[in-house]
Structures are given as C-alpha cells and as structure tokens.
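Peer 1: fold the stuff below for me.
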Amino acid sequence: MAKSLEIPFLFPLVLFLAVLLCVDGMRFNNHGHKMRRGSWEGKLKMNFYHKSCPQAEDIVREIVSKKVKANPSLAAKLLRVHYHDCFVRGCDASLLLDSVAGEAASEKEARPNLSLAGFEIIDEIKSRLEQQCPKIVSCADILTLAARDAVSYEFERPLWNVFTGRVDGRVSLATEAARDLPSSGANFTALQKLFAESDLDVVDLVALSGAHTIGTARCGVFGRRLFNFTGKGDTDPSLNPSYASFLKSKCSDRSLRLNSSAVVGMDPTGPLSFDGGYFVSLLQHKGLFTSDAALLTDPSAASIASVF
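Peer 2: Below is the predicted model of the structure:
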C-alpha cells in the first residue's frame, strides 16, 4: 500500500517543490551575469516531449524506480545531484560535463561536488533515451525528472509535476560551483547572501534546507562541531546535548574523523523518508550542520521552520 500524505507532511513538501522550480528559474546571460527569475518564466511546460519522445518520462521513471528499489539511499543522492546542478547556472546539467584537457576544471571537480554519486544512473537513462529518441531529451530534464522520481518512489506515485523543455548548458566551471554552492558550515548571513544572489528569499532558504530530511553525511563534514568547535576541543553549545552524545558515539575516532567513511543520517528521525522530520529535529536543536543550526539564529527563519 502507498503511504498516505497527511497535512503536516504535505505543506512543507509542496513548498519545497515550489522552491525547486524557483531555483530552476535562474539563468545567465551572454556575459555570465545571473538573470533574475521571471526573465524566462513560461518557457517550460508539461509533457514537452509528448510528440517528440512520448516514452521519455516513463523510461526515466522505470530506470530510477528499479535503482532506488535496489538501493533506497539513491533517492537522496539523485536529489542532491539535482540541487548542486541547479544552484550553479540553473538546472542546465552543466554539473555532468567533464573537464577538457588544457581547460579550466569543470563543476564535477569542485570540492563540494566530489562526494556526489548517482551519475551512472543518469548515464544509463541518457543511453536508453538516445536509443529511443536520438538527440531529443536534454540531460537537464533527465536530472530533474530523476530527482522527482527517486524521491517519489517510496510513495508509489509522482509527488509533483515536472515542467520540461530545459536546454543543456555548455559552460561548467569548478570555480563557480565553489563560489555559488552554500556550505554546510555557513552562518545565516552567508546563506542568505548566496540565496539572494539566486533570487531566493528566506522562505526558499528554509524550505530547501528541508532536503536534509533524507540522506547521510560523513562525520568529517560536521566533526568540528563535536570535537573542536572553537579550537579548544569543545562541542558546539547550540547542539542538543543528547544528540551531540549520539553523534560522538558514531564519530568517535578523532584521528580519522576527517577521512572516515563513517556516516550518520542528516535527519535523526530517519534518513530514507522524504517527510517533515527535518524541521521537527531542527526545532529540538538537532540540526546536523552549522548551516542547519544557523536557521534558528534568525527570527524569521526560525518562525518559518516552526510552521513546517
């Protein structure tokens, strides 16, 4: 039986998905400057491939469902790939481009993207679609559909509509990814500035942070909060004490914590379910990253998080 969507769950989900569409609205002009949202709105539409490749969305869903069924952790990974792509030059699949010898490093090589996974699934989908409809379906649309279908798998139906018709980007720079992607160690001021540069406000910031409701993180990403917050071997006092103790039990080897393969769920209520658990945990001061805890340092952001 498919899970039911209760009202406390549905509202943050719908808002989160609306924000994803807003991120998709950020593009660059010919001089590399970001264009504000609205300058190209309306160009995407439902069922863009209904004539040129009518089986496109079914093929994406078929492959993604098979992969996520075998490995549920892939839902978070594919969603993260989509997010990292969209935050740099918009949702144009520039993240998928490999570096060319003698030229600048591509987005894939930026430090925030080195831990991304799931590219082979996108490659498999693209290969299948090229057999069915050569040179028709963009990689940007594949990424967007795959993220939706991966997250939706546990509910046995698509959770939101995807507008298609994206054009693949041809510029991919590691320097832009390093500059534009929000850091897990960022404070609220830094987060708000980065989001504002993509025409996203504090509601968008809080809603998109809710993506941390699924997926895991290596101990090294947040280890400083546990063992050396101010450089004196201390723990971040904003962390819930019991949660901090739990995290230390999972990331106890200080000598290896930066390189350790040990991981914990980003949402202590469960790392595999796409729901509102992140916000419940956040209000209990159980946000895993500094960037999560930062939301509670701003009255507006904290108030928005409490609505979820």
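
Peer 1: what residues sit buried inside stretch 153-162?
Peer 2: 153-154, 159, 162 (16 or more other C-beta atoms under 10 Å). To be clear about C-beta, it is placed using only N, CA and C from the backbone, and glycine gets the same treatment.

Peer 1: and what of stretch 288-300?
Peer 2: Using 16+ other C-beta under 10 Å as the test for burial, stretch 288-300 gives 288-296, 298.

Peer 1: among those residues, which are in helices?
Peer 2: The helices, defined by DSSP state H, take in 290-294 from those.

Peer 1: tell me the one of these nearest residue 208?
Peer 2: residue 291 (10.7 Å; C-beta to C-beta).

Peer 1: doesn't residue 183 make contact with that closest one?
Peer 2: Yes - with contact defined as C-beta atoms under 8 Å, residue 291 reaches residue 183; the gap is 6.7 Å.

Peer 1: picking that back up, looking at the buried residues of stretch 153-162, which are in helices?
Peer 2: Within the buried residues of stretch 153-162, no residue falls in helices by DSSP H.

Peer 1: re earlier: as JSON lines, the ones in helices among the buried residues of stretch 288-300 with pLDDT and distance to residue 303 would be great.
Peer 2: JSON lines is the format used below for these (pLDDT from 0 to 100; distance: C-beta to C-beta, whole Å):
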{"residue": "290", "pLDDT": "96", "distance to residue 303": "20"}
{"residue": "291", "pLDDT": "97", "distance to residue 303": "18"}
{"residue": "292", "pLDDT": "97", "distance to residue 303": "16"}
{"residue": "293", "pLDDT": "97", "distance to residue 303": "16"}
{"residue": "294", "pLDDT": "97", "distance to residue 303": "15"}
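
Peer 1: phi, psi for residue 192 please.
Peer 2: phi -60, psi -40 (degrees, to the nearest 10).

Peer 1: surely it and residue 205 touch.
Peer 2: Yes - if you go by C-beta under 8 Å, residue 192 and residue 205 touch, sitting 6.6 Å apart.

Peer 1: who's more crowded, those two?
Peer 2: Regarding residue 192 and residue 205, a neighbour count based on other C-beta atoms under 10 Å identifies residue 205 as having more, with 24 against 20.

Peer 1: which stretches of the stretch 151-300 of the chain form helices?
Peer 2: For the stretch 151-300 of the chain, the helices defined by DSSP state H, counting those that start in this stretch cover 174-180, 188-197, 202-209, 219-227, 241-250, 277-283, 290-294, 299-307.

Peer 1: and residue 64, which of the ones you listed is closest to it?
Peer 2: Across the helices of the stretch 151-300 of the chain, closest to residue 64 is helix 202-209 (C-beta to C-beta), at 21.3 Å.

Peer 1: next, the angle helix 188-197 makes with that closest one.
Peer 2: 100 degrees (axes from the mean of the first three to the mean of the last three C-alpha atoms, to 10 degrees).

Peer 1: counting by contacts, list what helix 202-209 packs against.
Peer 2: Counting by 3 or more C-beta pairs under 8 Å, 6 or more residues apart in numbering; DSSP states H and E, the packing neighbours recorded for helix 202-209 are helix 7-23, helix 188-197, helix 299-307.

Peer 1: those: lowest mean pLDDT?
Peer 2: Note on the helices and strands packed on helix 202-209: lowest mean pLDDT is at helix 7-23, with a mean of 46.

Peer 1: that older thread, make CSV from the ones in helices among the buried residues of stretch 288-300 and add distance to residue 43 to it.
Peer 2: Below are those laid out as CSV (distance: C-beta to C-beta, whole Å):
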residue, distance to residue 43
290, 37
291, 32
292, 34
293, 38
294, 34
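
Peer 1: hmm, back to that, closest one to residue 111 among the helices of the stretch 151-300 of the chain?
Peer 2: Ranking the helices of the stretch 151-300 of the chain by proximity to residue 111 (C-beta to C-beta) places helix 174-180 first, at 6.3 Å.

Peer 1: so who does residue 44 touch?
Peer 2: 24, 163-166 (C-beta atoms under 8 Å, 6 or more residues apart in numbering).

Peer 1: got phi/psi on it?
Peer 2: Backbone geometry at residue 44, expressed as degrees, to the nearest 10, gives phi -90, psi 150.

Peer 1: mind checking how far it is from residue 147?
Peer 2: Distance, residue 44 to residue 147, using C-beta to C-beta, to the nearest Å: 15 Å.

Peer 1: remind me which residues of the protein are low pLDDT?
Peer 2: Within the chain, the stretches with pLDDT under 70 are 1-42, 253-260.
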